[in-house]
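> Got a predicted model here, sequence first, then my questions.
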Amino acid sequence: MTALRTGRAGRAAQYAALLCYLVFLAFPFLWLVSIAFKPAAELGSLHPTWIPEDPTLDNFRQAFDEQPLLRAAGNSLIAALAAALIAVTVATPMAYVMARRRSALTTAATGWVIVSQAFPFVLVIIPLFLVLKNLHLINTLAGLVAVYVTWSLPFALWMLVGYVRAVPRELEEAAAVDGAGRLRVLVSVTAPLLAPGLVATGLFAFITAWNEFFFALVLLKSAEKQTLPVVLTHFLGAEGVADLGPLAAAAFLATIPSLLVFAVIQKRITGGMLAGAVKS
Amino acid sequence: MRARLLTAAAAALALLLSGCGGDGGPDDGTIRLRFQSLAWQKESVDANKELVAEWNAANPGVQVEYVQGSWDSVHDQLLTSFEGGEAPDIIHDASDDLADFAYGGYLADLTGLLPDRLRADIPEQSWRTTAFGDGIYGVPFLQEPRVLIANRRILDASGVRVPTADRPWSWEEFRRVARRMTDHMGEGKYAVAWPLKEPVSATLNLGLSAGGRLFHRGGDGKVTIRFTGSDAVVPGTVRGQVDDGSASRSTLGMGGSDTLPGLFGGKYAMVPLGFSYRQQIVQQAPAGFEWTVLPAPAGSEGPEQGVSPQTLSIAEDSRHKREAARFIDFMLRPANMVRLALGDWMLPTGTEALKDPALHTPEAGWATGAALARELRPAPAQSVRGYPEWKDKVATPAYQEYYSGAIGAAELRRRLVEDGNRVLARYQR
């Protein structure tokens, strides 16, 4: 109990540190929001302000006027949701096996998963491109989803193995003793306890796909299929010159789906984690 | 839960299938070409799309699809497309990005494809930016000099001679003028802000005016780096201005856009920038801000500068190279080249287009830029294999450290030459 007791000064220091950390984390986003609502003249001010002095929606109007943001957001959403869904669906049984059946094979598989995370994009993109071309999946969202699933699967697997190991094996054994078959054990006992892990893993796959730029740039040719990160670069010129206002407005809009997904499921993640963590 | 999961999976797959589909058009005898453009400013994108629409209306048998590309990662994107046999037929890029593609056999040699009109319209020095070996691998069509964007009021109030394209400042005069302007401006203000976040191309391209070449091709075709007194003029000017307080030290790590608030706010009187930055100034400058475009200082070679023009190329894998070349010829007819130049706030390479009155108006400094166009030469490192690695690993850190005062001229020279030649040697075995 003594370890949990903290003096008033210590607690204040903790809150101050937390506040500093939150400000540090939030700074880029808040600055992005500030720029998105500033008129062009304020963007060129030598003394920039946090709150726009003359807030405007012109940057948003210009962004929508110049680029097909809604269509691109729709493409991103389809690709990210499909990638998340498929990655979780495929990774779950694999993770279960790797967590519950320890052998040389699963150890090697785990090692390979870790190593595969070190491959740089440029190393895999050309062979991947050729494979997708042979499958006639270039310039299709299906091809892009296949890449995203392939790319996020190792990490998803790694995450889920940890979640499966956190589910006490004794619970499954107890259910089996009570007469439940293997499938019943998996569906009624393991799956509910694994739910937070599935959500967290899906969220990881979704965010990874939502933010991904390079594969989408290379694989998608036609404007109708381009995703949001690719369209955002259309506000950038050579040598990093940027149409800053519309870029900030579009980038701000691009963060909203991620924020919404977090907002909707964060209780599920934390609540589920707590439920699974404490065994009575 | 499992039922819901399966339903969601089925829905997602159904959505995906709706997104599947090849990009081949109907087999009706119509030739279909893909044109990947890197235009990004609205006026520029509009001009490109309008020209494509005009071409398509006039040429029903050869239809061009406009594909929006991006300057960001364009090299890797094109390389992947080339390797995968999926490259666009007509490719928009910058000339300094073409060497690897040309030597790699990915780009078509345009020598026999382009009409005489276009060949004759573009000056020889521009063609040299896209000539590799015995072939020509791109049509240079837009370019921009580096200029000094100046706060008109500070310039006039300081009483210094205002340079013109015919009578630019010499590098020595530029240093004197900068000191005088700084004294006039007062504490905490600077005559010059050098945005040198990416210092290599700015230093090398401006260095041509003083006779700086850095890269020297021998009789055997191999390139070596030599650092002469001429190569030291521009770096010496920047370092000298930072040391004597007439240039801001803090802008050395900035990009061009980052210095604009200081220019608008009167903290800096002049910023060396690319000509197309004028668009940002027109968009962002506060009401009443008076600005002017001055030529960059000239050296022993006059106001010469190095440039890497924007180019149009044809993929070697394209099955319709002649039609693609016809489209390029259409895009780059003088009137069309002017539309593209105005949209991008740049200068056309074509001599006929360059005569257009719209490019000679004093408004927004067009006339000054147009007068400088004849002085533009291929960037010194234009066709040097290994240049990107030299730039990233050797030259960028060396120049940055020199400008900030961390190393001296001797160490700068040693790194550029000794370390640089080691890099180039690997590409020329």
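Cool, the structure landed.

> so how far is B:Glu187 from the residue in chain B that chain A sits nearest to?
Nearest residue of chain B to chain A (CB to the nearest CB) works out as B:Gly265 at 2.9 Å. Heads up, the C-betas are built off the backbone N, CA and C, glycines and all. As judged by CB to CB, to the nearest Å, B:Gly265 and B:Glu187 stand 15 Å apart.

> Give me the more crowded residue out of those two.
Higher neighbour count among B:Gly265 and B:Glu187: B:Gly265, with 16 against 5, using other CB atoms under 10 Å in any protein chain shown.

> May I have the predicted confidence score for the closest residue to the more buried one other than its chain neighbours?
Using CB to CB, 6 or more residues apart in numbering or on different chains and skipping residues adjacent in sequence, the residue nearest B:Gly265 is A:Leu46, 2.9 Å away. pLDDT recorded at A:Leu46 is 80.

> now swap in B:Leu15 and tell me
Looking at B:Leu15, its pLDDT is 44.

> go on, the one 5 residues further on?
The pLDDT attached to B:Cys20 in the predicted structure is 41.

> Tell me who's in contact with the residue nearest to B:Gly265.
Applying CB atoms under 8 Å, 6 or more residues apart in numbering or on different chains, we find A:Leu46 in contact with B:261-262, B:264-267.

> near chain B, anything from stretch A:18-32?
No. Using CB under 8 Å from any CB of the partner chain, stretch A:18-32 never reaches chain B; the gap is at least 14.0 Å.

> what does that stretch rub up against?
Here stretch A:18-32 has contacts from A:50, A:248, A:251-252, A:255, using CB under 8 Å, 6+ apart.

> before we move on, back to that, which SSE is the residue nearest to B:Gly265 in?
Assigned by DSSP states H and E, A:Leu46 belongs to no helix or strand.

> Next one: it from B:His92, what distance?
36 Å.

> Check B:Thr130 too.
According to CB to CB, B:Thr130 and B:His92 sit 13 Å apart.

> which residues are in contact with both of the two?
Common neighbours of B:Thr130 and B:His92 (CB under 8 Å, 6+ apart) are B:Thr311.

> before we move on, which element is residue 263 in?
Reading this off chain A. Element membership for A:Ala263 (DSSP H and E) is helix A:244-277.

> my bad, chain B
Secondary structure from DSSP H and E places B:Leu263 in helix B:260-264.

> and the contacts of A:Leu46, which two are the farthest apart?
The distance between the two most remote of the contacts of A:Leu46 (CB to CB) is 10.5 Å, for B:Pro261 and B:Gly266.

> Neighbour count for those two, which is higher?
Higher neighbour count among B:Pro261 and B:Gly266: B:Pro261, with 19 against 15, using other CB under 10 Å.

> can you tell me which residues contact that one?
By CB under 8 Å, 6+ apart, B:Pro261 lies in contact with A:44-46, A:48.

> Need the residues that contact stretch B:421-429.
With contact meaning CB under 8 Å, 6+ apart, stretch B:421-429 is reached by B:222-225, B:384-386, B:389-390, B:393-394.

> right, I mislabeled it, should have said stretch B:235-245
Residues from elsewhere that reach stretch B:235-245 (CB under 8 Å, 6+ apart): B:171, B:174-175, B:178-179, B:182, B:190-192, B:194, B:196, B:203, B:207, B:247-249, B:252, B:297, B:399, B:402-405, B:409, B:412.

> count of residues packed around whichever residue of the stretch 151-280 of chain A sits closest to chain B?
Using CB to the nearest CB, A:Thr233 is the residue of the stretch 151-280 of chain A that sits closest to chain B, at 4.1 Å. When counting by other CB under 10 Å, one arrives at 21 neighbours for A:Thr233.

> Return the residues in contact with it.
Applying CB under 8 Å, 6+ apart, one finds that A:Thr233 lies in contact with A:213, A:217, B:70-72.

> Columns distance to A:Lys38 and secondary structure on top of those residues, output as CSV?
Listed next are those as CSV, based on distance: CB to CB, whole Å; DSSP: H, G, I helix; E, B strand; the rest coil:
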residue, distance to A:Lys38, secondary structure
A:Phe213, 25, coil
A:Leu217, 29, helix
B:Ser70, 25, coil
B:Trp71, 24, coil
B:Asp72, 23, coil
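
> What subset of those residues is buried?
A:213, A:217, B:70-72 (16 or more other CB atoms under 10 Å in any protein chain shown).

> The helix holding A:Ala263 - what's its average pLDDT?
Taken as a whole, helix A:244-277 carries a mean pLDDT of 76.

> ok, A:Ala175 touching A:Arg184?
Yes. Between A:Ala175 and A:Arg184 there is a contact under CB atoms under 8 Å: 7.3 Å.

> Buried ones from the contacts of stretch B:235-245, can you make that a ChimeraX selection?
Command for ChimeraX that selects the buried part of the contacts of stretch B:235-245, burial taken from 16+ other CB under 10 Å:
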select /B:171,174,175,178,179,182,190,191,192,194,196,203,207,247,248,252,297,399,402,403,412
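
> now, which of the contacts of stretch B:235-245 lie within strands?
Secondary structure from DSSP state E places B:190-192 of the contacts of stretch B:235-245 in strands.

> and chain A, which of the residues you listed contact it?
Among those, not one lies near chain A by CB under 8 Å from any CB.

> Among the residues you listed, which one lies nearest to B:Leu98?
Closest to B:Leu98, out of all of the ones in strands among the contacts of stretch B:235-245 and judged by CB to CB, is B:Val192, at 32.9 Å.

> is the closest one in a bridge, and if so with what?
Taking DSSP bridges, one finds B:Ala247, B:Met270 as the beta-bridge partners of B:Val192.

> Need the per-residue pLDDT for it.
At B:Val192, pLDDT is 98.

> Tell me which residues touch it, please.
Counted by CB under 8 Å, 6+ apart, B:Val192 has contacts B:178, B:241, B:246-248, B:268-272.

> again with B:Pro115
B:325, B:329.

> Having no further points to raise, I will conclude here.
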